[in-house]
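Chemist: What follows is a predicted protein model with its sequence.
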Amino acid sequence: MTEQEINNIRADFPILTEQVYNKPLIYFDNAATTQKPQAVLDRINYGYKHLNANIHRGVHYLSQKATEAHEEARKYVAHFINATSSSEVIFTRGTTEAINLVAFSFGECCCRAGDEIIISMMEHHSNIVPWQMLCERKGMRLRVIPINEKGELRLDVFGELINENTRLVAVTQVSNVLGTVNPVKEIIQTAHQRNIPVLIDGAQAVPHIQVDVQELDADFYVFSGHKIYTPTGIGVLYGKREWLERIPPYQGGGEMIQTVTFEKTTYNELPFKFEAGTPDYIGSTALAEALKYVENIGIQKIAAYENELTAYATAELMKIEGMRIFGTSEHKSAVISFLVGNIHPYDIGMLLDKLGIAVRTGHHCAQPLIDHLGIPGTVRASFSFYNTKEEVDIFIAALKRVIGMLG
Ligand code: PLP
């Protein structure tokens, strides 16, 4: 991307002109959540100003318009991830809710005592705990794919973990700590050879990588809107039709029913079967707007630029004495986790903050991985297409200053 293009993009994100402690904000916490462009903020405003009525059950004009907008948004999401049909796109509150939905509903229909679920060492808590809860509920076992010293999945061990008791494999496409981009297509192929379905956690992938659920042949694919330039509170569960039809509803309530009597309820068709209660029909349109924004720039272009920025930052960081970077795979996304000497990550984060630089410190909701690495946590810088090399330079200079103060 040219400097002009990046400047134009930056101008679309009002928050980037904010000052913190009288310093220009440098926002390197994009893996936690991304900032929102004006077009998305405008779409929310427009929705509440002109199109606000509860959807699906109204005969009146506004309700129909709001319903149309919500369903158009669903179609756009389906297009963005190349789902076969928009009825395979379920709106959820985010990745976490989508995984909980599958863990509950798949668990109900398809799991029993003695069965096993395979996850990996680098999962976010939201792709660990729901499966653990399922295992406790049903008397099942969680199996974990280990990682190598570069922070890559040990696929050789994965092959050994799969057996006749395996019911499902749930892995992240991109690690939120290591930045590793996992070979999920290969993982899916291996699992499918044994007729085992696979859930892919796409929370860190969708903002940075072209995702095609049909090409991947994923059975379930989940992501959060807020990590791809949308407000919080909306996310997506993609599921293959055959699975969504087979698994029972997650929550009961309005919208998800066809008929209700005190004796028996019949359920609505897809996707509504999984959307109990009033959905976030403004959030869905904001999500579609954000995806359009990304698509207009071009995800390949975004990936190329972010990779360049990450490589530049990595090279600069490596020049610092005592630097340890966690996650050194050749297949990496825009996340760098590091430690310097014996300095506690929290101290680095606190002091960088005072210099206007937002990074994240701690276990990044991946405590088992951090424990495995035998460290107290990391400092994590994560980039978006609105970040610049100049910001990286300021960050590196600030980090050196901080190390000087703490070292
Ligand atoms: N999975 C990964 C890989 C993540 O990075 C995150 C958030 O950081 C989540 C899941 C959870 O996402 P959310 O909190 O939006 O549900």
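Modeler: Ah, there it is.
Chemist: rest of the way, CA atoms for contacts and neighbours
Modeler: Will do.
Chemist: Please list the residues of the stretch 201-350 of the chain that sit near the ligand.
Modeler: 201, 203, 204, 224 (CA under 6 Å from any ligand atom).
Chemist: and with 5 Å instead?
Modeler: 203, 224 (CA under 5 Å from any ligand atom).
Chemist: Where do the helices of the stretch 201-350 of the chain begin and end?
Modeler: 213-216, 241-246, 281-297, 299-318, 345-354 (DSSP state H, counting those that start in this stretch).
Chemist: what angle separates the third one from helix 299-318?
Modeler: Right, helix 281-297. Using axes from the mean of the first three to the mean of the last three CA atoms, to 10 degrees, the direction of helix 281-297 lies 80 degrees away from that of helix 299-318.
Chemist: Who are the packing partners of helix 281-297?
Modeler: Contacts defined by 3 or more CA pairs under 8 Å, 6 or more residues apart in numbering; DSSP states H and E place helix 281-297 against helix 38-50, helix 61-81.
Chemist: Contacts made by the next helix or strand after the last one with the rest, please.
Modeler: In other words, helix 61-81. Remark: after helix 61-81, the chain's next helix or strand is strand 89-92, criterion DSSP states H and E. With CA atoms under 8 Å, 6 or more residues apart in numbering as the contact definition, strand 89-92 has outside contacts at 74, 77-78, 83, 98, 233-239, 271-272, 274-275, 279, 284.
Chemist: Now do the contacts for residue 65.
Modeler: Here residue 65 is in contact with residue 51 (CA under 8 Å, 6+ apart).
Chemist: mind checking how far it is from the ligand?
Modeler: 28 Å (CA to the nearest ligand atom, to the nearest Å).
Chemist: going forward, begin numbering at 25 instead of 1
Modeler: Noted, 25 is the first residue going forward, which turns the last one into residue 89.
Chemist: Of all the helices of the stretch 225-374 of the chain, which one is nearest residue 147?
Modeler: Minimum separation from residue 147 across these (CA to CA) falls at helix 237-240, 19.2 Å.
Chemist: what is the rounded mean pLDDT of the closest one?
Modeler: Mean pLDDT, computed over helix 237-240, is 98.
Chemist: which other residues reach it?
Modeler: Defining contact as CA under 8 Å, 6+ apart, one finds that helix 237-240 is touched by 105, 106, 107, 108, 208, 209, 212, 245.
Chemist: Of the helices and strands packed on helix 305-321, which stretch is the most buried?
Modeler: Stretch with highest mean neighbour count among the helices and strands packed on helix 305-321: helix 85-105 (a mean of 19; mean count of other CA atoms under 10 Å).
Chemist: My read is that residue 249 contacts residue 258, right?
Modeler: Yes. Using CA atoms under 8 Å, residue 249 is in contact with residue 258, at 5.5 Å.
Chemist: higher neighbour count, the two?
Modeler: More neighbours surround residue 249 than the other of residue 249 and residue 258, with 29 against 24 (other CA atoms under 10 Å).
Chemist: Surely residue 188 is in a helix?
Modeler: No. Using DSSP: H, G, I helix; E, B strand; the rest coil, the assignment for residue 188 is coil, not a helix.
Chemist: Next up, phi/psi of it, please.
Modeler: Main-chain dihedrals, residue 188, degrees, to the nearest 10: phi -70, psi -10.
Chemist: Run a quick neighbour tally on it.
Modeler: Counted with other CA under 10 Å, residue 188 comes out at 11.
Chemist: Highest neighbour count among the contacts of helix 237-240?
Modeler: Highest neighbour count within the contacts of helix 237-240: residue 245, with 29 neighbours (other CA under 10 Å).
Chemist: what's it in contact with, if anything?
Modeler: So residue 245 contacts 223, 224, 225, 226, 237, 261, 262, 263 (CA under 8 Å, 6+ apart).
Chemist: Now the last one: closest residue in space, sequence neighbours ignored.
Modeler: Think residue 263. residue 244 (4.4 Å; CA to CA, 6 or more residues apart in numbering).
Chemist: Can you give me the pLDDT of that neighbour?
Modeler: Checking the pLDDT column for residue 244, the value is 99.
Chemist: what does residue 431 give?
Modeler: 78.
Chemist: Pretty sure the residue nearest to residue 263 sits against residue 261.
Modeler: Yes. Residue 244 is within contact range of residue 261, at 6.9 Å (criterion: CA under 8 Å).
Chemist: Between the two, which is the more surrounded one?
Modeler: Shown here are residue 244 and residue 261; by other CA under 10 Å, residue 261 has more neighbours (27 against 24).
Chemist: mind listing what the spatially most central residue of the chain touches?
Modeler: The centre of the chain sits closest to residue 227, judged by CA atoms, centre = their mean, with a distance of 1.0 Å. Residues near residue 227 by CA under 8 Å, 6+ apart: 119, 196, 198, 246, 247, 248, 251.
Chemist: So residue 79 sits against residue 87, correct?
Modeler: Yes. Using CA under 8 Å, residue 79 makes contact with residue 87 at a distance of 5.2 Å.
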